[in-house]
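**Student:** Sequence first, predicted coordinates after that:
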Amino acid sequence: MTADKEKRRAISREAARRRRRVESDVFGDLSRLLPLQPSVRAHLDKPSVIRLTLSYIRMHTLLLGNTGTKADASHAVKCGQLEDGGRDEKDKEAEEADSSEDTSMYLRTLEGFLMVLSTEGDMIYLSDDVSKYMGLTQTELMGHNIFEFTHPCDHEEIRNNLRLKAEEVWCGAKRDFVIRIKSALTHRGRSANVKSATWKVLHCQGRVKVCVASSSVSCLLLTCQPLPLSHTLLSTHTFTSQHSMDMRFTYCDQRVTQLLGYSTEELLGRSIYNLCHTLDTNCLTKHHLNLCCKSQSVSGQYRMLVRGGGYVWVESHSAVIPSNRHSKSRRSVHQPLCILCVTYVLSGVEKPSMQLSLDQAAQRYFS
């Protein structure tokens, strides 16, 4: 009996070794099919191979389905682009090469990275330059859920942006939000361990995309730029200002006089809400809340009133500057000192003869 039992155990062990060997061969074949560098593939474990394979399959499905808005789909049908019968292979290769060059150029000028999110929050795709900004590689992030890497206080905002209505899917609705995400980059620009990651603020902008072949496949195509943005260089069409936490001016540089007509002395102590077009108050309020919660934000485009009449379109990039003194109740936390804003004037003065507020009346400041 003992000999038979040992024989059965030996057969079972050999069968298990054979299964593991076949499994390893299958994973090896699957890994070699992934469009990754050999040095990267060599360090992938089995769960990573499955995770990345699923991401590439989902991305491939979206691309084959002519991902786009309803307008793109209608145009494709009218122009006969959904059937490739009349297209030459060389033409398609040339288009792909041009597209690849355009993509690389866009990524260089973007100062950020691309991210494709499923409606469940899975990161289907990230451009490979994500490591430059987050310290985490493309293979470390793809296939994971974004909720695993973002601040818990931002999860509800992310869910609201992932939640799609039927009309939003087909009209290619815009998305514009700010989130905090884990970053493994140190202050010196080196990559650290994920366990010691800190929070980095991302400004995410993009559109809802839908697969024409199957409307059930939809995603968010986003450009993600870390804040503060390195391209916020001052020019003749920008002005800097400092504000208290309730957005009252405590300082403003003199370029505001050339751009908006107000002198710096006139603005001190006044709220930026007094200069905002009434219809854009919600935009500025959202920007203000993001600053209070996340310390950094980009306002999006809104209208700022010009002295004498009319308005200009602007966009503000802002950050909360902490004081050097610690809070008495929480010694590890710095109290906010002020809000620093860099405001970009994006247009000329529109409707200069129309006064939308009493604050625009020039005589108000001389009475």
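**Tutor:** That came through, no problem. No experiment lies behind these values; they were computed from the predicted model shown. Residues are numbered from 1 along each chain as shown.
**Student:** Going by C-alpha atoms from here, please, whenever you check contacts or count neighbours.
**Tutor:** Noted.
**Student:** in the helix or strand containing residue 57, what counts as buried?
**Tutor:** Element membership for residue 57 (DSSP states H and E) is helix 46-64. Buried residues in helix 46-64, defined by neighbour count with 16 or more other CA atoms under 10 Å: 48, 49, 50, 51, 52, 53, 55, 56, 58, 59, 61, 62.
**Student:** Kindly report the same for stretch 346-353.
**Tutor:** Within stretch 346-353, the residues scored as buried using 16+ other CA under 10 Å are residue 349.
**Student:** Endpoints of that stretch, how far apart?
**Tutor:** 19 Å (CA to CA, to the nearest Å).
**Student:** which residues make contact with it from outside it?
**Tutor:** Stretch 346-353 has contacts (CA atoms under 8 Å, 6 or more residues apart in numbering) with 237, 306, 308, 309, 310, 311, 312, 313, 314, 315.
**Student:** ok, now stretch 237-252?
**Tutor:** Stretch 237-252 is contacted from outside by 253-256, 259, 264, 267-273, 288, 292, 336-346, using CA under 8 Å, 6+ apart.
**Student:** Which helix or which strand is home to residue 352?
**Tutor:** With DSSP H and E as the criterion, the answer for residue 352 is that it lies in no helix or strand.
**Student:** can you tell me how far it sits from residue 316?
**Tutor:** In this view, residue 352 and residue 316 are 22 Å apart by CA to CA.
**Student:** And for residue 210?
**Tutor:** Counting by CA to CA, the gap from residue 210 to residue 316 is 31 Å.
**Student:** Between those two, point out the one with more neighbours.
**Tutor:** residue 210 (26 against 22; other CA atoms under 10 Å).
**Student:** where does the nearest residue to that one once chain neighbours are set aside land on pLDDT?
**Tutor:** Leaving aside its sequence neighbours, residue 210 sits nearest to residue 218 (CA to CA, 6 or more residues apart in numbering; 4.3 Å). Note on residue 218: pLDDT of 75.
**Student:** State whether residue 218 and residue 208 are indeed in contact, as I suppose.
**Tutor:** Yes: if you go by CA atoms under 8 Å, residue 218 and residue 208 touch, sitting 7.3 Å apart.
**Student:** Those two: who's more crowded?
**Tutor:** More neighbours surround residue 208 than the other of residue 218 and residue 208, with 27 against 20 (other CA under 10 Å).
**Student:** distance of the more buried one from residue 143?
**Tutor:** Separation of residue 208 from residue 143 (CA to CA): 19 Å.
**Student:** which residues of the chain fall in helices?
**Tutor:** 2-33, 38-41, 46-64, 70-79, 89-110, 130-134, 138-141, 155-162, 166-171, 255-260, 264-267, 281-294 (DSSP state H).
**Student:** Give me the angle between the longest one and helix 46-64.
**Tutor:** Here helix 2-33 runs at an angle of 40 degrees relative to helix 46-64 (axes from the mean of the first three to the mean of the last three CA atoms, to 10 degrees).
**Student:** by contact count, what packs against helix 2-33?
**Tutor:** Helix 2-33 makes packing contacts with helix 46-64 when contacts are defined by 3 or more CA pairs under 8 Å, 6 or more residues apart in numbering; DSSP states H and E.
**Student:** Kindly format the C-alpha coordinates of the helix it packs on as PDB.
**Tutor:** What follows is helix 46-64, C-alpha atoms only, in PDB (Å, rounded to 0.1, in the frame of the first residue of the first chain):
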ATOM      1  CA  LYS A  46       2.100  36.100 -14.800                       C
ATOM      2  CA  PRO A  47      -0.500  38.500 -13.300                       C
ATOM      3  CA  SER A  48       1.200  41.400 -15.100                       C
ATOM      4  CA  VAL A  49       1.100  39.500 -18.400                       C
ATOM      5  CA  ILE A  50      -2.600  38.800 -18.100                       C
ATOM      6  CA  ARG A  51      -3.300  42.400 -17.000                       C
ATOM      7  CA  LEU A  52      -1.400  44.000 -19.900                       C
ATOM      8  CA  THR A  53      -2.900  41.500 -22.400                       C
ATOM      9  CA  LEU A  54      -6.400  42.400 -21.300                       C
ATOM     10  CA  SER A  55      -5.500  46.100 -21.700                       C
ATOM     11  CA  TYR A  56      -4.200  45.700 -25.200                       C
ATOM     12  CA  ILE A  57      -7.200  43.600 -26.200                       C
ATOM     13  CA  ARG A  58      -9.600  46.300 -25.000                       C
ATOM     14  CA  MET A  59      -7.500  49.000 -26.700                       C
ATOM     15  CA  HIS A  60      -7.400  46.900 -29.900                       C
ATOM     16  CA  THR A  61     -11.200  46.600 -29.700                       C
ATOM     17  CA  LEU A  62     -11.700  50.300 -29.400                       C
ATOM     18  CA  LEU A  63      -9.300  51.000 -32.300                       C
ATOM     19  CA  LEU A  64     -10.900  48.400 -34.600                       C
END
